[in-house]
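A.B. asks: Turn this into a structure:
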Amino acid sequence: MVYYFKARPAAGDYVIYMGLDKHENEDLIKYGLPEDIWFHVDKLSSAHVYLRLNKGQTIDSITSELLEDCAQLVKANSIQGNKLNNIDVVYTPWLNLKKTPAMDVGQVGFQNPRLVRTTRVEKRINEVVNRLNKTKVERTPDLKAEREVHNAAERAERKAQIREKNRRVELDRIEKEKQAEIRSYKGLMVSDKMTSNKDIASKGKSLQEMEEDFM
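C.D. replies: Sure, this is the predicted structure:
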């Protein structure tokens, strides 16, 4: 079971989601997408909350309003964290998560600790939490299938980009050859290198004589 929430409309059309328990979190860790940002209460047990950004966005695209929604949802879904004030919530791109065989179910580490950010949550804001809970939808998605569909779309897009790049390279090559041919033609047509019939007559030579001189 995965719980889905809608961020505040003013923040944009974003989906926030989390697993039912630590076992569900294992699949979320395994089948996340590059656009996902992971949230967790620092040093305390809490739900694993994910924010799915739009394609092309990064962690720097998260606005303060959107960050507050995610941080409040994480705090509200931490048994200890929900009771405390001034807690820290850590967040990082899904791609930065690390899972090793030695880790317990639901436990996760980081590839690069420098890519982990922290936001301070002074207290629970019921208005935010209640608004998010009103948008809550429970679903049982096929996370593996969703990941495969995403990967297929990514591959198709990369192939299209490669085709477009090759097309542009070929057009550039053709244009360069065309310009080189034009320059070569202009070089052959330079007037001071050409001999007209008038020039031949002024020198008193016939066309046949000129041809014999050339030979």
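A.B. asks: average model confidence for whichever helix in the chain runs longest?
C.D. replies: Among the elements of the chain assigned as helix by DSSP state H, the one spanning the most residues is helix 143-188. Computed over helix 143-188, the mean pLDDT rounds to 79.
A.B. asks: ditto for stretch 90-97
C.D. replies: Along stretch 90-97, the predicted local confidence has a mean pLDDT of 97.
A.B. asks: From the chain's centroid, how far away is it?
C.D. replies: Per C-alpha atoms, centre = their mean, to the nearest Å, the displacement of stretch 90-97 from the mean C-alpha position of its chain is 15 Å.
A.B. asks: Enumerate the positions of that stretch that are buried.
C.D. replies: Residues of stretch 90-97 classed as buried: V90, Y91, T92, P93, W94, N96, L97 (neighbour count, 16 or more other C-beta atoms under 10 Å). For every residue, glycine as well, the C-beta is placed using N, CA and C.
A.B. asks: Now, the residues you listed that are in strands?
C.D. replies: Using DSSP state E, the members of the buried residues of stretch 90-97 that fall within strands are V90, Y91, T92, P93, L97.
A.B. asks: wait, which of the buried residues of stretch 90-97 is closest to K165?
C.D. replies: Within the buried residues of stretch 90-97, proximity to K165 (C-beta to C-beta) peaks at P93, which comes in at 26.8 Å.
A.B. asks: My guess is that closest one contacts Q57. True?
C.D. replies: No - under the criterion of C-beta atoms under 8 Å, P93 lies out of contact with Q57, with a separation of 10.8 Å.
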